[in-house]
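Peer 1: Sequence and predicted model, in that order:
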Amino acid sequence: MEEEGLPGSIGVVGVGTIGSALIRGLLSPGPGAPAKLPRVVLSPRGALKAEALAEAFPGNVVIAKSNQEVVDEVECVIVAVLFKQVNEVFGALKFRKEQKVMTLTAGLMPTRLKELCAPATTCVSAIPLPPVAKRSGATLLTPRLPWAEAMLKVCGSCVVVETEAEFKRLLVVTCMMGDFYKRQLTAQQWLCSHGISEADAASWVSSTFATFAADSSGAQVDTFQKLVEEQTPGGLNEMVWRAQEEDGSYKSLCYSLDAVHHRLVSGAADPALAPAAKRAKLA
């Protein structure tokens, strides 16, 4: 493989939800598939997901007997373990100087990654979102290295930043995933409480939220502002966002994002940054 292309062999240490989704996106047939699929070696960590991938892609996926065997067998190593497991996992592994290393662990940045996987120095941090399995996900990446971009762009869009500070700030937005689903669940439950069947409620909530997202896809600098302003003055759509604003919902969201960023930077939560605490302080 060319230096700037997709690595010819990829290993995954920690085959969890995100690592599994990324490999599924890379190997699935159909539009956007690489011309030459990489060989993939999976660690025994996350055995059920590893076995599912080996069954789905028998010509490209094998399961190693150990994490070190994964590292020994491949050109590019993806480490996708929990942050609290980082020191234990990396401490038991020996990397080669020429290897490429990508971490999908939130909070583990390239500077620290280079220390953990020395003598390897070609290191990146990435945060793919689960739809990468369907090649419709988004991934945050730092720094800009062509082989990493080539891999991640197979699975959807890729936003690249050069500094770890920018990466951590943008990473905060991914933490709105649960809030997004909770809003969908709230809407579904509200419909059901007024006599709509669960199936119809789920279908309609899913379709409407997908429509909202499609309308803002490929956003430019002023896209979101324009979409808000396009809501008919005095209309029902404006009524909802203004009511939410008057109720402090959007300020509360910003407080939550501040709290997440603090935890990413400092490694610990600060109770004083919780929305209720901040509102009490301002009052």
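Peer 2: Done, it's in. These numbers come from a predicted model, not from an experiment. Residues are numbered from 1 along each chain as shown.

Peer 1: The residue nearest to C158 when sequence neighbours are not counted: neighbour count?
Peer 2: Of all residues not flanking C158 in the chain, L152 sits nearest, at 4.3 Å (CB to CB, 6 or more residues apart in numbering). Where C-beta positions appear, they are placed from N, C-alpha and C, glycine not excepted. If you count neighbours by other CB atoms under 10 Å, L152 ends up with 27.

Peer 1: May I have the secondary structure class of the residue of the chain positioned farthest from its centre?
Peer 2: Distance from the C-alpha centroid of the chain, by CA atoms, centre = their mean, peaks at G234 (37.4 Å). Under DSSP: H, G, I helix; E, B strand; the rest coil, the three-state class of G234 is coil.

Peer 1: repeat for Q220
Peer 2: Secondary structure for Q220, judged by three-state DSSP, is coil.

Peer 1: i'd like the first residue to be 23 from this point on
Peer 2: Okay, residue one is now 23; in that scheme the one you just asked about reads as Q242.

Peer 1: coming back round to it: can you confirm the residue nearest to C180 is in a helix?
Peer 2: Yes: assigned with three-state DSSP, L174 falls within a helix.

Peer 1: which residues touch it?
Peer 2: Contacts for L174 (CB atoms under 8 Å, 6 or more residues apart in numbering) come out as A148, P150, V154, T161, L163, C180.

Peer 1: which one among those gets closest to W226?
Peer 2: Closest approach to W226 among those (CB to CB): V154, at 26.6 Å.

Peer 1: contacting residues around that closest one?
Peer 2: I40, A43, L44, G47, T161, L174, C177, G178.

Peer 1: ok, the first one - contacts?
Peer 2: If I follow you right, that is I40. So I40 contacts A102, L126, P150, P152, V154 (CB under 8 Å, 6+ apart).

Peer 1: And A55, which helix or strand is it part of?
Peer 2: For A55, there is no helix or strand it lies in under DSSP states H and E.

Peer 1: And for it, the neighbour number?
Peer 2: 14.

Peer 1: which residues touch it?
Peer 2: Here A55 is in contact with L49, V176 (criterion: CB under 8 Å, 6+ apart).

Peer 1: What of M199?
Peer 2: L151.

Peer 1: Quick check: phi and psi at it.
Peer 2: phi -60, psi -50 (degrees, to the nearest 10).

Peer 1: cool, and the one 5 residues further on?
Peer 2: Per-residue torsions, K204: phi -70, psi -40 (degrees, to the nearest 10).

Peer 1: can you check V181 too?
Peer 2: phi -100, psi 120.

Peer 1: if I look at it, how far off is T208?
Peer 2: Noted for V181: a distance of 29 Å to T208, by CB to CB, to the nearest Å.

Peer 1: more neighbours, the two?
Peer 2: V181 (14 against 11).

Peer 1: Just the buried residues of the helix or strand hosting V227, please?
Peer 2: Following DSSP H and E, the helix or strand that holds V227 is helix 220-237. Across helix 220-237, burial judged by 16 or more other CB atoms under 10 Å covers A223, A224, V227.

Peer 1: hmm, back to that, can you tell me which of the contacts of I40 are in helices?
Peer 2: In helices, defined here by DSSP state H, there are no members of the contacts of I40.

Peer 1: Please give me every residue in contact with A281.
Peer 2: Counting by CB under 8 Å, 6+ apart, A281 has contacts A291, D292, L295, A296, P297.

Peer 1: quick one: the helices in this protein?
Peer 2: Ranges of helices in the chain, per DSSP H, are 39-49, 69-78, 89-95, 108-113, 132-138, 168-175, 186-196, 199-215, 220-237, 245-251, 258-268, 271-288, 297-304.

Peer 1: Would you map out the domains in this protein?
Peer 2: Split into domains by automatic domain parsing, the chain comes to 31-185, 199-238+245-304.

Peer 1: Quick check: which of those domains is nearest to R191?
Peer 2: Of all the domains of the chain, domain 199-238+245-304 sits nearest to R191, with 6.5 Å by CB to CB.

Peer 1: any idea of the mean pLDDT for the closest one?
Peer 2: Across domain 199-238+245-304, pLDDT averages out at 94.

Peer 1: what does stretch 49-68 give?
Peer 2: Averaged over stretch 49-68, pLDDT sits at 90.
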